[in-house]
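Novice: Sequence and predicted model, in that order:
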Amino acid sequence: MNEVDLVLIGVARRQHQVFSRAQAREAGLTPSVLAKRLARGSLVAAGPHTLHFPGVTLTYHGRLRAGLLDLGPEALIGGRAAAHLLGLDGFPAGPHEFVVPRNLRNRTTVGTVRSTVGIGRLDRTTVDGLPCTSATRTVIDLLGNATDDEVGNALDSATRLGLTAPAVIARRL
């Protein structure tokens, strides 16, 4: 195992077993070496711009981290995935959903990417080291693409957990 691999193993450990192509280049892999490693299977694509080592089974968190790395530092986990991370009732690990600022709407990853005009400071939180939408923003976003029961469960549990309040959501709306 060479020094580049050791660096990438360290990066992968800190990021739920994934790393970006840019991080691989920073560690010392040239684009041609990276292409050769992908071709022979000593690296595996997790998304358009993300990789992992063979034999690694990515967890739900690993796939979410890959999505964030694909989309860039302004991206957040959103929708049902954020509701799951926040511990809201009725949202099991499932879809990979992300929110990006409107100027990044053409970026892609494995999962659903939605864009928004703005992502403010109050819209952000971090759960298990993963940036995601706050409970307030998550409930508001769910209004547009979840069932009435799901929105009700999200609001009830976010309130019970002290993550938001109906009055806060009403003001934000």
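Specialist: That came in fine, so what should we check first?

Novice: Alpha carbons only: can I get the helix or strand containing T125 in PDB?
Specialist: Taking DSSP states H and E as the criterion, the element that holds T125 is strand 124-127. As requested, the backbone C-alpha atoms of strand 124-127 are provided in PDB (Å, rounded to 0.1, in the frame of the first residue of the first chain):
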ATOM      1  CA  ARG A 124     -28.800  24.700   8.400                       C
ATOM      2  CA  THR A 125     -27.900  22.200  11.000                       C
ATOM      3  CA  THR A 126     -25.500  19.200  11.300                       C
ATOM      4  CA  VAL A 127     -26.500  15.700  12.400                       C
END
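
Novice: I'd like to know which elements the helix or strand following it is packed against.
Specialist: Past strand 124-127, heading to the C-terminal end, the next element that is a helix or strand (DSSP H and E) is strand 130-133. Packing partners of strand 130-133 (3 or more C-beta pairs under 8 Å, 6 or more residues apart in numbering; DSSP states H and E): helix 60-71, strand 76-77, helix 79-85, strand 124-127. All C-beta atoms are positioned from the backbone trio N, CA, C, and that covers glycine.

Novice: Give me the distance from the first one to the chain's centre.
Specialist: In this view, helix 60-71 has its centroid 5 Å away from the chain centroid, taken as C-alpha atoms, centre = their mean, to the nearest Å.

Novice: what's the answer for the third one, then?
Specialist: Relative to its parent chain, helix 79-85 has a centroid offset of 10 Å by C-alpha atoms, centre = their mean.

Novice: what comes up buried for the helix or strand just after it?
Specialist: For helix 79-85, the succeeding helix or strand toward the C-terminus, using DSSP H and E, is strand 97-101. Counting neighbours by 16 or more other C-beta atoms under 10 Å, one finds that the buried residues in strand 97-101 are E97, F98, V99, V100.
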